[in-house]
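**Student:** Predicted model, plus sequence, below.
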Amino acid sequence: MGKRVLVLNGPNLNMLGIREPGIYGAQTLADIENLCRTTGTELGLTVDFRQTNHEGELVTWIQQARQTADAILINPAAYSHTSVAIHDALKAAGVLTYEVHLSNIHQREPFRHHSYVSAVATAVICGLGASGYSLALRALAEKL
Ligand code: DQA
């Protein structure tokens, strides 16, 4: 089995394709999952891809990743800007973490400019749409 990457997606990302396509693009979350799976197979990574609208569920998955994953790739969505709980969980898990955003959060409303996750992420990719996920997986495969 290859190195295991847990790909976590936060609230409203299940609405991709319908939700503000001018900002987030036309691709659905299923398209992004397929992209991650294809890229993972090419790189020899085992990809566990998940989405939830619940902060506590993300915290539980991050806690479990200590035993079950070699790295986390997370798009915390709106929780990026609000969640000390996700920041703390990532810090406690001590698992290599890369953060990804479809949009360039620094170009948008001021409340999106700060991410609580960035302080505990080794790397951040934003503004590249779905490609950000596959680029992050490539970078993780090199690092692992
Ligand atoms: C997002 C950016 C966040 O500000 C927003 O709340 C999201 C998606 C992105 O991928 O660009 O839901 O994380």
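**Tutor:** Received it, and whenever you're ready, just let me know what you need.
**Student:** so is residue 34 in a helix, a strand, or just coil?
**Tutor:** Classification of residue 34 using DSSP: H, G, I helix; E, B strand; the rest coil returns helix.
**Student:** And it, how far from the ligand?
**Tutor:** Counting by CB to the nearest ligand atom, to the nearest Å, the gap from residue 34 to the ligand is 17 Å. (Each C-beta comes from the backbone N, C-alpha and C, glycine too.)
**Student:** Tell me the confidence at that residue?
**Tutor:** Note for residue 34: predicted pLDDT of 98.
**Student:** contact partners of the helix or strand bottoming out on mean pLDDT in the chain?
**Tutor:** One helix or strand of the chain scores below all others by mean pLDDT, DSSP states H and E: helix 21-24, with a mean of 92. Contacts to helix 21-24, defined as CB atoms under 8 Å, 6 or more residues apart in numbering, come from residues 16, 102, 103, 108, 129.
**Student:** Report the two of these separated the most.
**Tutor:** Farthest-apart pair in those is 16 and 108; separation 16.4 Å (CB to CB).
**Student:** Which one's more surrounded, those two?
**Tutor:** Neighbour comparison, residue 16 and residue 108: the larger count goes to residue 16, with 22 against 14 (by other CB atoms under 10 Å).
**Student:** who touches the more buried one in this structure?
**Tutor:** Listed by CB under 8 Å, 6+ apart, the contact set of residue 16 reads 24, 25, 27, 28, 29, 31, 32, 102.
**Student:** State the distance from it to residue 114.
**Tutor:** For residue 16, the distance to residue 114 equals 23 Å [CB to CB, to the nearest Å].
**Student:** Quick one: name the residues of this protein near the ligand.
**Tutor:** With the criterion set to CB under 6 Å from any ligand atom, the chain comes near the ligand through 12, 75, 77, 78, 80, 101, 102, 103, 105, 112.
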